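[1] Give me a 3D structure for the following:
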Amino acid sequence: MSRNNLSEIQYLPILYISPSEMNALQELPEKDKDLMLPLFQLRGWVGSHKLEKTIERIEKSIGDRYWIADIDKDFLNHPEFLRTGEFPREVFREIQTLLNEENGYDNWYKYLINKKNAIPTLQLHSPEHLDSQLTKLASLERGIVAKFSQPEIESYRCYEVIEILKQRDIHELTIIFDYGQIQHGIMKFIDKIRALVKYTSEQLPTAKIAISGSSFPFEFAGFEDGEKPIYERLLFNKIKDSLDRVSLIYSDRGSARAEKITGGGGLPAPRIDYPLEHDWRFVRQNYLDPSNVQEGEKNEIYRTIAKRIKNSNYWEPNLLLWGTQLISRTEKGERYGIDSPAKATAVRINIHLHRQLHYGENLEIVDTDDDWED
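    This is a model prediction of the structure:
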């Protein structure tokens with residue numbers, strides 16, 4: 001399999017290192033993977049002791065293609081470390097080493113040397129080491145990504161970095177403005193965001209620019225059928241329409257939340273989500289008694305939900321994807337259908353990634369390059 005052509009990239013999803021995201025990406029058509037460039041913030045893989053397990057899982061999901069490498073500094077906020085000062089596994093110490101800012105994040109640079117498909121992301125925690133870091137990462141000759149979080153945008157720190165980047169001749173530079181978890185209120189700041197994108201394009205005319213975030217909701221209690229606009233797509237469209245000469249690339253969290261839910265809340269009611277171009281549709285059904293779930297009740301509820309989705313006016317019977325296949329299998333009561341929130345999440349992300357990659361196209365005639373049986 002050849003590497004993806006970076007000049008043809010149409011979508012830059014920021015994906016969390018978790019089974020749901022990795023499975024959803026892995027099961028996409030191979031042609032889809034050629035046209036997207038996912039960003040992964042490196043962290044330990046599901047109880048693993050070594051960071052190499054994370055790299056193996058990324059490569060299993062994306063194949064021999066380029067991807068963007070960043071570091072998940074929040075991974076170090078482990079309860080055991082906060083309580084005792086000791087990390088539970090070696091992978092935490094590996095991440096800590098990568099975040100060492102000495103000598104222009106030399107550990108980060110040396111780690112990436114042998115990761116031939118990893119496009120480096122600048123670490124912006126230590127401004128005084130930025131110039132040295134740029135020199136090292138540019139020597140990898142894979143391009144460089146600068147990702148600004150909302151605090152860095154609001155504090156105008158991003159303008160300082162953009163000025164430094166302007167002074168350097170960096171091949172294939174990508175700028176990401178990551179607004180994290182957003183809501184409809186983000187639309188009030190369109191003029192400010194547009195001005196930032198326009199300024200960046202003027203200072204760095206050859207750079208690709210992405211605006212990212214997630215409006216996927218946290219709460220679903222109180223309804224069985226619902227919908228929620230995809231505000232990150234609506235925001236992008238408005239910016240794109242008003243800055244048609246700017247090299248903009250769409251980005252989001254793949255329909256996952258920018259902030260993860262950390263336990264609690266009891267047994268969640270079964271739910272399957274169906275992504276459309278501009279909104280998500282949700283179908284949810286409670287257990288008769290969540291404190292005493294009967295044998296077979298969960299699978300029967302998922303089957304009922306899948307049937308409601310397939311009978312809806314938004315279901316597309318000719319959309320041939322792994323995610324839609326699992327919904328069909330669930331509706332038929334077959335093995336390997338949706339039987340857990342994690343699998344339902346993977347289904348949603350799989351369909352969402354495909355839909356946003358092919359935004360504006362008729363998905364029923366898009367070649368998925370796979371043979372499906374329904």
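
[2] only C-alpha atoms for contact and neighbour calcs from this point on.
    Noted.

[3] What segments of the stretch 201-350 of the chain are strands?
    With DSSP state E, counting those that start in this stretch applied, the stretch 201-350 of the chain shows strands at 208-214, 225-229, 248-250, 271-275, 279-284, listed in chain order.

[4] Comparing these, which yields the minimum mean pLDDT?
    Per-segment confidence across the strands of the stretch 201-350 of the chain bottoms out at strand 225-229, which has a mean of 91 in mean pLDDT.

[5] Mind listing the strands that strand pairs with, and their directions?
    Each strand that strand 225-229 pairs with, and the sense of that pairing, follows from DSSP bridges: strand 279-284 (antiparallel).

[6] what's the angle from the partner strand to strand 271-275?
    In terms of direction (axes from the mean of the first three to the mean of the last three Cα atoms, to 10 degrees), strand 279-284 departs from strand 271-275 by 160 degrees.

[7] contacting residues around strand 279-284?
    223-230, 269-275, 305, 308-309 (Cα atoms under 8 Å, 6 or more residues apart in numbering).

[8] Figure out which of the strands of the stretch 201-350 of the chain is closest to residue 52.
    Using Cα to Cα as the measure, strand 208-214 is the one of the strands of the stretch 201-350 of the chain that comes nearest residue 52, at 27.4 Å.

[9] Could you list the low-pLDDT ranges of this protein?
    1-3, 221-223, 261-265, 369-374 (pLDDT under 70).

[10] and the gap between residue 169 and residue 131?
    As defined by Cα to Cα, to the nearest Å, residue 169 lies at a distance of 12 Å from residue 131.

[11] same question but for residue 255, I mixed them up
    For residue 255, the distance to residue 131 under the criterion Cα to Cα works out to 35 Å.

[12] and what of residue 277?
    Taking Cα to Cα as the criterion, residue 277 is separated from residue 131 by 41 Å.

[13] how about the helices of the stretch 1-150 of the chain, start to end?
    19-26, 30-34, 52-62, 79-84, 90-98, 102-113, 130-138, 150-154 (DSSP state H, counting those that start in this stretch).

[14] out of the ones you listed, which comes closest to residue 363?
    The minimum distance between residue 363 and the helices of the stretch 1-150 of the chain falls on helix 30-34, with 12.2 Å, by Cα to Cα.

[15] Show me what counts as buried in the closest one.
    Neighbour-count burial for helix 30-34 flags 30, 32-34 (criterion: 16 or more other Cα atoms under 10 Å).

[16] so of the helices of the stretch 1-150 of the chain, which one's packed in deepest?
    Each of the helices of the stretch 1-150 of the chain was given a mean neighbour count from mean count of other Cα atoms under 10 Å, and the largest, a mean of 22, is that of helix 19-26.

[17] Using PDB, write out every CA atom in that one.
    Extracted C-alpha coordinates of helix 19-26, given in PDB (Å, rounded to 0.1, in the frame of the first residue of the first chain):
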ATOM      1  CA  PRO A  19     -10.900   1.200  20.800                       C
ATOM      2  CA  SER A  20     -14.000   3.000  19.400                       C
ATOM      3  CA  GLU A  21     -12.000   5.600  17.300                       C
ATOM      4  CA  MET A  22      -9.400   3.100  16.200                       C
ATOM      5  CA  ASN A  23     -12.000   0.500  15.100                       C
ATOM      6  CA  ALA A  24     -14.000   3.100  13.300                       C
ATOM      7  CA  LEU A  25     -11.000   4.300  11.400                       C
ATOM      8  CA  GLN A  26      -9.700   0.800  10.600                       C
END
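
[18] which residues sit against that helix?
    15, 33, 57-58, 60-62, 323, 342-343, 345-347, 349-350, 353.

[19] ok, which pair from the residues you listed is furthest apart?
    Comparing all pairs in the contacts of helix 19-26 by Cα to Cα, the longest separation belongs to 33 and 342, at 21.8 Å.

[20] Show me the longest helix that occurs in this structure.
    Across the chain, the longest stretch assigned as helix under DSSP state H is helix 341-357.
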